[in-house]
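K.L.:
My questions concern the predicted model and sequence given below.
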Amino acid sequence: MGLLAFFVASCGFFGPQKTRADASAPQLLVSAFPEEPPPQHIKDEEPPPQHIKDDEQLPPVSQNEPRSEEPEDVQPEVVNTEDAQRVEYDIPHLKNPGSLSTFLSALESLGSRGEGLVRVAHFGDSHTAADFMTTEIRRALQGRFGDGGRGFVFLGRPWKYYRPKDIRLEESGRWRPQRFIISIPSDQLDGQYGFGGVAVECRVGRCDVAVRPSKSAYGKDIDFFELYYLRQPGGGSFVVKVDAKTVESVETDAEVLGSGFYALELEDAKEHRIEVRTLGDGPVRLFGAIVESRGPGVVYDTLGINGAAFETVLQWDRDIFLEQLERRGPDLIVAMYGTNESCSKTLTPAAYAAHVREVVQLFRQGAPGAACLLIGPPDRQGEPGELERLEWIISVQSEVAAELGCAFLDARQVMGGAGSHALWQVRGLAAQDGIHLTLRGYKELGEQIAGIFLQVYEAHAQPLEQKPKQETNRPESLGEIEPATPKKTKKAGDDDGST
């Protein structure tokens, strides 16, 4: 048995949930990636990850007490979807596409205004965290509607092989990752993980992080930088440097815990290097940074965490998360979970529906104007019980999406349906662990999802009287569905509207 198979041969490696009293909480699996070179379309100046190590190998997080109370029992929100459903068009594997109308209209307005940004926040598990699938989606949308920049990224190395595409990250010093990990006792978790559920903290000495454009053709111009950090009693200070020149000193000390934001607009659009350096006078916790251009264009935030599930979001400090989600103001929120939940032997459909519903309502609370899209888990292999759970997990997500006025995209059907993971293995697109895809597989799945995005946009952008109901007898196999070809959009000049 190879190293990869050793890490992911069985689900629920970590055992029972330790941080919630709810016995139905999912057991999260170890994430890993196949040993192969990256696809040619996704180039990165660093070598690809060989595997992602067991979460138990990460340094311990801070000792602050977590919130002890359970989340409030939130009643289902009544959503009026009449307007969203008024235009009927049929897109393969996508349910309730009319609920995306506000997002699609925002895309449409980019061309008419010639300025502005449309932002997408894509939350998910290891399928998302690898940033291969999401890179294909990001580049397709930016190729069609304009490059708005790389968007929100975690800083430092929250896990060893964190290497987001279309940006270059640098770090030094003793940064310690902060996030919910099921194998860590609850008294060592504080939930203060911010917008994406991940933070890094420097408590000893001086630490540095920096961002700069990568060698790819995307995200070259940095016109806007914003740092999300924690304001806390006894917090330390940091300085911000642009191209090695200090522009600001920021103190994070505050009487009460809360979010801090430092925004910087750069007048000369070019390939800047922006550095944050702590001064060693107290702990500094960073949630991440936004890197954007003036636009017009699309910004696609990749917010994946290895081993995550819908339940993971409920472990984050709600005040901090909601404050940062509101500030980020996405036009579309994508949630792509489900693989890890399929490993839980204790999770029930009713409990899972409650988790999904609570998370979607949390997203709506922080971003009430955003459209929402749930993407079901890709196909997988496993024991009969795991495959049975995968079936009802997809059904529950689809039902809750319809209930709350969200769209639902069935990624397993995009792959070709039940059993497609084994067929993808034959094609070299799926990993031998029976759960993940290969890098080429993530690229292909991302291309197909991007094609669906563009297809629903074209259907939406047609004049109302020209919107016939489309044929539904399209081939089910992913390989037979041709993705839309992105069109290049000229970047606006420096005098265009700012972010």
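P.N.:
Looks like it arrived, so ask away.
K.L.:
Name whatever forms a beta bridge with Ala371.
P.N.:
Leu332 (DSSP bridges).
K.L.:
Read off the pLDDT value for it.
P.N.:
Predicted confidence (pLDDT) for Ala371: 98.
K.L.:
now Leu28
P.N.:
37.
K.L.:
Over to Asp55?
P.N.:
Value for Asp55, per-residue pLDDT: 35.
K.L.:
again with Ala32
P.N.:
The predicted local confidence for Ala32 is 36.
K.L.:
Check Ala461 too.
P.N.:
pLDDT, Ala461: 87.
K.L.:
Contacts only, for it.
P.N.:
Leu104, Glu108 (C-beta atoms under 8 Å, 6 or more residues apart in numbering). Just so you know, the C-beta spots here come from the backbone N, C-alpha and C atoms, and that holds for glycine as well.
K.L.:
What does it show for phi and psi?
P.N.:
Phi and psi for Ala461, reported as degrees, to the nearest 10, are phi -80, psi -10.
K.L.:
so how far is Leu94 from it?
P.N.:
16 Å (C-beta to C-beta, to the nearest Å).
K.L.:
Can you point out the buried residues in stretch 153-165?
P.N.:
Val153, Phe154, Leu155, Gly156, Pro158, Trp159, Tyr161, Tyr162, Arg163, Pro164, Lys165 (16 or more other C-beta atoms under 10 Å).
K.L.:
Now do the contacts for the first one.
P.N.:
Residues near Val153 by C-beta under 8 Å, 6+ apart: Pro164, Ile167, Leu169, Val211, Gly288, Ala289, Val291, Thr302.
K.L.:
closest to Glu311 among those residues?
P.N.:
The nearest member of those to Glu311, counting by C-beta to C-beta, is Thr302 at 20.3 Å.
K.L.:
before we move on, back to that, now for the contacts of Val153: which two are most distant?
P.N.:
Val211 and Thr302 (14.3 Å).
K.L.:
more crowded one of those two?
P.N.:
Thr302 (29 against 25; other C-beta atoms under 10 Å).
K.L.:
for the more buried one, helix, strand, or coil?
P.N.:
strand (DSSP: H, G, I helix; E, B strand; the rest coil).
K.L.:
If you drop the residues flanking it in sequence, what lies closest to it?
P.N.:
Thr134 (4.4 Å; C-beta to C-beta, 6 or more residues apart in numbering).
K.L.:
what about that neighbour, which helix or strand?
P.N.:
If you go by DSSP states H and E, Thr134 is part of helix 133-145.
K.L.:
Go ahead and measure how far that helix is from the middle of the chain.
P.N.:
Relative to the mean C-alpha coordinate of its chain, helix 133-145 is positioned 14 Å out (C-alpha atoms, centre = their mean, to the nearest Å).
K.L.:
same question, stretch 89-98
P.N.:
Taking C-alpha atoms, centre = their mean, one finds stretch 89-98 lying 22 Å from the centre of the chain it belongs to.
K.L.:
What's the end-to-end length of it?
P.N.:
Its first and final residues considered, stretch 89-98 spans 8 Å by C-alpha to C-alpha, to the nearest Å.
K.L.:
and it, what's its mean pLDDT?
P.N.:
91.
K.L.:
leaving aside the residues next to it on the chain, what's closest to the most centrally placed residue in the chain?
P.N.:
Within the chain, one residue has its C-alpha closest to the average C-alpha position: by C-alpha atoms, centre = their mean, that is Leu303, at 2.5 Å. Excluding its sequence neighbours, the residue lying closest to Leu303 (C-beta to C-beta, 6+ apart) is Gly196, at 4.2 Å.
K.L.:
what are the phi and psi angles of the one you found?
P.N.:
phi -100, psi 0.
K.L.:
That one and Arg206, how far apart?
P.N.:
Distance from Gly196 to Arg206, by C-beta to C-beta: 25 Å.
K.L.:
okay, the two: which has more neighbours?
P.N.:
For the pair Gly196 and Arg206, the greater number of neighbours falls to Gly196 (26 against 16), based on other C-beta under 10 Å.
K.L.:
list the contacts for the more buried one?
P.N.:
Gly196 neighbours (C-beta under 8 Å, 6+ apart): Phe123, Phe152, Phe154, Phe287, Gly288, Asp301, Leu303, Ile305.
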